[in-house]
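Asks: quick check, what structure comes out for this input:
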Amino acid sequence: MDTDKLIYALKKNSTHFTPPLIDLIVAECGHDPFLILIACLLSLRAKDTTTIHVCRALFNRVRTPAQLLSMDRQELETIIFKTGFYKNKAEVLQYVSAVLIERFEGRVPGTYEELISIKGVGPKTANLVLGAGFGVPSICVDTHVHRISNRLGIISTATVEETEQSLKKILPKKDWIIWNNLLVIWGQNICAPLSPKCSQCAIADQCKRIRVTKSR
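Replies: Coordinates of the predicted model:
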């Protein structure tokens with residue numbers, strides 16, 4: 001399958017959809033690795049449409065690990081409440097901020113190994129921070145990337161770890177960052193987990209529709 005053709009079609013037909021959360025954060029705050037990291041952590045098990053408003057409210061108050069760490073825990077919990085699991089997330093945010101100060105001089109590290117060494121930062125978050133915050137070629141595999149890559153038939157994997165490694169073998173490095181961006185947009189708007197909108201899909205002619213039993 002021609003991945004260049006897939007990417008071209010997705011780019012051309014995604015411009016009218018709302019960008020993913022991290023793209024909005026970058027557009028409003030720049031490529032700040034710390035803010036991108038915090039946004040990623042807040043987005044876990046939460047919708048982008050909710051998380052972006054919470055990020056805006058939080059980033060109006062804090063912009064550095066030191067500022068976030070010094071924030072009153074109850075106030076932090078109140079700000080991030082709508083993202084769900086707010087008590088646990090508040091604890092993680094302040095823990096991560098403390099680690100950044102203690103181990104990395106208050107800066108987000110720019111390597112995968114250093115990022116995942118921080119408790120609470122997983123592979124998906126690490127890769128997203130590397131790509132959006134540092135411009136380092138990385139493939140962030142979330143539920144959309146895993147599902148759609150397999151649905152297209154370009155890979156056949158059972159886990160997100162397998163998906164990341166398989167995509168690295170077939171996608172040129174120049175496309176690693178944008179692959180997540182495009183598939184998140186497509187997954188949120190067209191290629192739903194159940195009953196995808198195949199009749200509206202710009203890449204339907206290139207999709208093998210693996211495990212699709214019902215569509216619109």
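Asks: mind listing the helices for the chain?
Replies: Counting by DSSP state H, the chain has these helices, from start to end: 3-12, 21-29, 33-43, 48-59, 65-70, 73-80, 86-104, 112-116, 123-134, 143-152, 160-170, 176-189.
Asks: buried ones in the first one?
Replies: Looking back up the chat, that one is helix 3-12. 3, 6, 7, 9, 10 (16 or more other CB atoms under 10 Å). C-beta here means a position set from N, CA and C on the backbone, and glycine is covered the same way.
Asks: list the contacts for the closest residue to residue 27 other than its chain neighbours?
Replies: Spatially, and ignoring its direct neighbours in sequence, residue 27 is nearest to residue 19 (7.2 Å; CB to CB, 6 or more residues apart in numbering). Contact analysis of residue 19 by CB atoms under 8 Å, 6 or more residues apart in numbering lists 27, 181, 185.
Asks: can you lay out these as JSON lines showing pLDDT and distance to residue 61?
Replies: Shown next, in JSON lines, are those (pLDDT from 0 to 100; distance: CB to CB, whole Å):
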{"residue": "27", "pLDDT": "97", "distance to residue 61": "20"}
{"residue": "181", "pLDDT": "95", "distance to residue 61": "28"}
{"residue": "185", "pLDDT": "97", "distance to residue 61": "29"}
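Asks: buried members of those into ChimeraX, please.
Replies: Only the buried members of the contacts of residue 19 enter the following ChimeraX selection, criterion being 16+ other CB under 10 Å:
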select :181,185
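Asks: pop the domain breakdown of the chain in here.
Replies: 3-17+139-206, 32-134 (automatic domain parsing).
Asks: end to end, how far does the last one reach?
Replies: This stretch, domain 32-134, spans 8 Å end to end (CA to CA, to the nearest Å).
Asks: gap between that domain and the chain center?
Replies: 13 Å (CA atoms, centre = their mean, to the nearest Å).
Asks: against residue 9, how distant is the residue nearest in space to the middle of the chain?
Replies: Central residue of the chain (CA atoms, centre = their mean): residue 128, 5.5 Å from the mean position. Here residue 128 is placed at a distance of 23 Å from residue 9 (CB to CB, to the nearest Å).
Asks: now do the same contact list for residue 35.
Replies: So residue 35 contacts 25, 29, 55, 59, 63 (CB under 8 Å, 6+ apart).
Asks: just the local confidence number for it, please.
Replies: Turning to residue 35, the model gives it a pLDDT of 98.
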